[in-house]
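In: Okay, predicted coordinates and the sequence, questions at the end:
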Amino acid sequence: MQTLSALEFLQAKSSSAASYATTIIDVRSPSEFAHSHIPNAINLAVLDDEERARVGTLYRHNPFEAKLLGAGLICQNIASFLPTFLSNLGLTPAHIIRIYCARGGMRSLSLQTILHNIGYRTIRLQGGYKAYRNAVLTDLARTPNMQFFTLVGPTGSGKSELLALYEYALDIESLAKHCGSSFGAIYGTQPSVAMFENMLFTRLGELEGKKVLVEGESKKLGNLIVPKALYNAYQSAPKIYLHTPIELRIQRILGYYQHISEEFFVNAMQKIAPFMQKNFWLEAKEAFMRDDKYMVAQILLEHYYDKVYKKEVYAYRIESSNLHDALDSIRDIMARH
């Protein structure tokens with residue numbers, strides 16, 4: 001049965017003529033998986049949270065009895081879900097199944113042994129998820145191997161929209177589920193620090209060697225911090241300033257925030273109160289309460305965002321009223337480098 005180091009494990013491909021995509025199975029408990037996991041992995045817990053806790057508690061007093069209990073539970077659980085799981089995913093012996101647990105021990109070895117003995121090609125992650133995380137942190141400490149072009153400009157200038165149009169974009173806000181401002185938490189719950197790092201690591205791997213478009217994010221997005229090497233790389237890259245008329249910026253802001261709740265708005269307004277003149281701050285709150293979202297957006301852009309926006313030194317300036325024309329201009333800039 002095959003085991004591979006973290007980087008080899010991630011790069012493993014099917015050698016069959018059909019070129020089946022490989023499947024990654026995380027056999028850790030649901031809570032371990034929910035906190036963070038290898039992106040695109042499927043959770044197939046061989047011990048649930050309660051069972052894992054029972055085995056762990058027993059192990060501190062009697063390692064042999066704990067292993068015996070764990071083995072029994074694992075066998076029962078695999079027997080109960082394996083046929084249905086394989087059928088639902090359409091997994092045949094032509095696929096390569098990659099398997100990992102926390103440290104590459106009993107949990108992943110148990111499933112690998114069973115799958116191997118019934119004819120599946122399997123690879124187990126040596127050192128488990130812990131080894132993967134070490135590889136992630138080591139890689140993120142290095143300067144990324146790609147050429148960045150960094151979009152800058154005031155709120156509503158179309159940076160996120162341009163990233164969505166470009167095939168080699170690093171959309172850090174999307175991965176962090178946060179726009180970086182006091183109103184930035186519109187995407188819901190942020191991932192854990194570890195999951196954010198895992199997703200960055202995966203996306204940076206996909207972009208290696210490319211000319212990459214990225215937004216000039218601040219170092220902190222909500223509860224998450226952009227790794228220092230990555231932050232320094234895109235902040236020192238050629239910067240492209242997006243100029244957009246205020247009217248279009250207002251319309252874009254309305255699109256972002258039209259469905260926010262009163263509670264969300266009030267909490268965000270409290271955060272920005274020290275940085276905004278009181279009369280404009282009150283006007284914005286009153287406009288929200290009478291459902292005049294257009295006025296809210298205009299006041300916030302003119303009297304908050306544009307006031308606190310850090311003026312950037314940029315190499316290029318383009319108009320971003322028409323996003324497709326703006327993207328053509330960006331491609332022209334990239335072609336010169």
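Out: Arrived safely, thanks for sending.
In: which SS class is Phe148?
Out: strand (DSSP: H, G, I helix; E, B strand; the rest coil).
In: show me what contacts Glu247?
Out: Applying Cβ atoms under 8 Å, 6 or more residues apart in numbering to Glu247 gives no contacts. Any C-beta I mention is one placed from the backbone N, CA and C, and that applies to glycine too.
In: what helices or strands is the helix or strand of the chain with the lowest mean pLDDT leaning on?
Out: Here the helix or strand of the chain ranked lowest by mean pLDDT, DSSP states H and E is helix 306-308, holding a mean of 79. Applying 3 or more Cβ pairs under 8 Å, 6 or more residues apart in numbering; DSSP states H and E, we find helix 306-308 packed against no helix or strand.
In: If we go by neighbour counts, what in that helix is buried?
Out: By neighbour count with 16 or more other Cβ atoms under 10 Å, helix 306-308 contains no buried residues.
In: which residues touch it?
Out: Here helix 306-308 has contacts from Pro154, Thr155, Phe275, Met276, using Cβ under 8 Å, 6+ apart.
In: rerun at 6 Å
Out: Pro154, Phe275 (Cβ atoms under 6 Å, 6 or more residues apart in numbering).
In: Now the longest helix belonging to the chain: buried residues?
Out: The single longest helix within the chain, with elements called by DSSP state H, is helix 63-89. Neighbour-count burial for helix 63-89, counted by 16+ other Cβ under 10 Å, picks out Ala66, Leu69, Gly70, Leu73, Ile74, Asn77, Ile78, Leu82, Leu86.
In: what does stretch 229-236 give?
Out: Leu230, Tyr231, Ala233, Tyr234, Gln235.
In: now, among the residues you listed, which is nearest to Leu163?
Out: The shortest gap between Leu163 and any of the buried residues of stretch 229-236 belongs to Tyr234, at 12.2 Å (Cβ to Cβ).
In: how about that closest one, what does it touch?
Out: Tyr234 is in contact with Phe148, Thr150, Val214, counting by Cβ under 6 Å, 6+ apart.
In: Within the helices and strands, which one has it?
Out: Counting by DSSP states H and E, the element that carries Tyr234 is helix 228-235.
In: what sits up against the helix or strand following the least confident helix or strand of the chain?
Out: Per DSSP H and E, the first helix or strand lying C-terminal to helix 306-308 is strand 316-319. The contact list for strand 316-319 (Cβ under 6 Å, 6+ apart) reads Ile240, Tyr241, His243, Ala326, Ser329, Ile333.
In: One more pass at 8 Å, please.
Out: For strand 316-319, with Cβ under 8 Å, 6+ apart as the criterion, the contacting residues are Pro238, Lys239, Ile240, Tyr241, Leu242, His243, Thr244, Asp325, Ala326, Ser329, Ile330, Ile333.
In: Show me how the record splits this protein into domains.
Out: Segmentation of the chain into domains, based on automatic domain parsing, reads 2-137, 144-335.
In: From the opening residue of the longest one to its closing one, how far?
Out: With Cα to Cα, to the nearest Å as the measure, the ends of domain 144-335 fall 20 Å from one another.
In: just to revisit the earlier point, now for the buried residues of helix 63-89: which two are most distant?
Out: Going by Cβ to Cβ, the pair spanning the buried residues of helix 63-89 furthest: Ala66 and Leu86, at 28.8 Å.
In: Nearest residue to Val313 in space, please, no chain neighbours.
Out: If the residues on either side of it in the chain are set aside, Val313 comes closest to Lys239, at 7.1 Å by Cβ to Cβ, 6 or more residues apart in numbering.
In: picking up where we left off before, can you flag which of the contacts of strand 316-319 belong to helices?
Out: Short answer: the contacts of strand 316-319 in helices (DSSP H) are Asp325, Ala326, Ser329, Ile330, Ile333.
In: residues touching the nearest residue to the second one once chain neighbours are set aside, list them.
Out: Yep, that's Ala326 we're talking about. Distance criterion Cβ to Cβ, 6+ apart; nearest residue to Ala326, sequence neighbours excluded, is Ser320 at 4.3 Å. The contact partners of Ser320, by Cβ under 8 Å, 6+ apart, come to Gly153, Ser157, Gly158, Leu162, Leu242, His243, Thr244, Ala326.
In: Among these, pick out the one closest to Met295, please.
Out: Thr244 (19.2 Å).
In: State the distance from that closest one to Leu73.
Out: Going from Thr244 to Leu73 by Cβ to Cβ, to the nearest Å gives 59 Å.
In: Kind regards, and thank you for your time.
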